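Chemist: got a structure for you, letters missing:
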């Protein structure tokens, strides 16, 4: 009898868990939709500014600006974007593993952690963390990205880093998130993937000779920080969408697993019940036979 | 008279505000207002806080507030990368009013705290708020 009660208790507790995972899945799905909208709305600007930048850099070969100039690399910074919370499958682990592989045991690398999970992990491993941002919330505003980008550029210009990389989960679909690493600073002048975008973006113009107003230098001064801000903004949005996608998938399969377990336990509960009844009947029959 | 048209795009980091074929655009360049007709020479300019106006074929005029950014003119296309942009009908008057008051307060207390940076930022915020309020007022007169 006690076996039956135990099984019943387990079924109840798994049902509770299942309700929670189901709710989390639904919440993540709703948030995913919002995050995805934001990503797609931010994309045109990102593409355009990338296009403008690569055309500009091409037109201004001899431009030198602190954010463009490559320095001898002594210290490298990694900006690591993770989630504040867990329960989202391999989402945080994937990014952390990617960074940890490159960073482990090197003291010329320090980190800027965005998101609690990454910060806590690297704090435990004792990697140097230059700056951290946690609790950014669900709605990433451009202002937030601007602030973070401002801090990063300031640190960079002070010479703490000679190179800054950005690592985050790129949103491919709700099921797939790709951990991506890209160079943020110095701004890479030529990248093959930008070229593709640029061709797509402005069909045929063969790098027009621009007139600059108020002057090339001034335009660069305005444009480059904007570009960095936008990179951060885009990465934050992609990471957010990825997080919700990963959480939705993880919670979906957790719900399925719970269902499977409940089915199995229900089966063994019924079996135990049947066995108990059979036992009782045979006792009754045995008792009657003894009397007769 | 049918003028030649070109594609005008106004995008902000958060969304696409305008994609339209237009005949004429007037933008708040950092060194003064700029008028752009079709076949303008390629150029790249920084923008300041001000009004962006454009005319679509058929005499339809539209006004937007722009709070700084860039304009790229190339070939048959004008792209405006604005920090923020709103059509006049989208302006939130109460929010702009609140921002104006906040900025003014900050400007008043700034000299005592002796923060140049804060003062500059408050002044920019004030400029943006005033622009939005004026644009919103314009819209109401247009409607009458």
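Modeler: Structure received. All of these numbers come straight from a predicted model, not from anything done at the bench.
Chemist: any idea where the helices of the chain begin and end?
Modeler: Reading this off chain A. For chain A, the helices defined by DSSP state H cover A:2-59, A:91-103, A:116-125, A:142-157, A:192-201, A:216-291.
Chemist: wrong chain, I was asking about chain B
Modeler: B:93-113, B:116-143.
Chemist: who's in contact with residue 131?
Modeler: No chain specified, so I'll use chain A. A:112, A:113, A:151, A:152, A:155 (CB atoms under 8 Å, 6 or more residues apart in numbering or on different chains). Yep, even glycine has a C-beta here, placed from its N, CA and C like the rest.
Chemist: wrong chain, I was asking about chain B
Modeler: With contacts defined as CB under 8 Å, 6+ apart, the neighbours of residue B:131 are B:49, B:50, B:51, B:65, B:67.
Chemist: most tightly surrounded among the helices of chain B?
Modeler: For the helices of chain B, the stretch with the most neighbours on average is helix B:116-143, a mean of 15; neighbours defined as mean count of other CB atoms under 10 Å in any protein chain shown.
Chemist: angle of that helix against helix B:93-113?
Modeler: Going by axes from the mean of the first three to the mean of the last three CA atoms, to 10 degrees, helix B:116-143 is angled at 150 degrees with respect to helix B:93-113.
Chemist: of the contacts of residue B:131, closest to chain A?
Modeler: residue B:67 (11.8 Å; CB to the nearest CB).
Chemist: give the contact list for the closest one.
Modeler: B:49, B:82, B:83, B:84, B:85, B:128, B:131.
Chemist: beta partners for it?
Modeler: Beta bridges link residue B:67 to residue B:49, judged by DSSP bridges.
Chemist: How much space separates it from residue A:170?
Modeler: Distance of residue B:67 to residue A:170, given as CB to CB, to the nearest Å: 30 Å.
Chemist: same question, residue A:53
Modeler: 20 Å.
Chemist: More neighbours: the two, which one.
Modeler: Remark: of residue A:53 and residue A:170, residue A:53 carries more neighbours, 21 against 17, as counted by other CB atoms under 10 Å in any protein chain shown.
Chemist: what residue ranges in chain A score low on pLDDT?
Modeler: For chain A, residues meeting the criterion pLDDT under 70 lie at A:1-2, A:60-63, A:189-209.
Chemist: Okay, domains of the chain per the record?
Modeler: Going with chain A. A:2-25+A:250-286, A:42-249 (automatic domain parsing).
Chemist: looking at chain B here, not the other one
Modeler: B:6-88, B:92-143.
Chemist: Adding mean pLDDT, write those out as TSV.
Modeler: Formatted as TSV, the domains of chain B follow (pLDDT from 0 to 100):
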stretch	mean pLDDT
domain B:6-88	88
domain B:92-143	75
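Chemist: Pipe the ones you listed into a markdown table and attach distance to residue A:82 per row.
Modeler: Converted to a markdown table, those look like this (distance: least, CB to CB, whole Å):
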| stretch | distance to residue A:82 |
| --- | --- |
| domain B:6-88 | 22 |
| domain B:92-143 | 31 |
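Chemist: what sits against the residue lying closest to residue A:91 once chain neighbours are set aside?
Modeler: Distance criterion CB to CB, 6 or more residues apart in numbering or on different chains; nearest residue to residue A:91, sequence neighbours excluded, is residue A:246 at 3.8 Å. By CB under 8 Å, 6+ apart, the contact set of residue A:246 is A:88, A:89, A:90, A:91, A:169, A:177.
Chemist: Repeat the analysis, applying 6 Å as the threshold.
Modeler: The contact partners of residue A:246, by CB atoms under 6 Å, 6 or more residues apart in numbering or on different chains, come to A:88, A:89, A:91, A:177.
Chemist: how near is the third one to chain B?
Modeler: Read it as residue A:91. 25 Å (CB to the nearest CB, to the nearest Å).
Chemist: and that residue, how many neighbours does it have?
Modeler: 26.
Chemist: Ok, the last one next?
Modeler: Residue A:177 is surrounded by 26 other residues when neighbours are defined as other CB under 10 Å.
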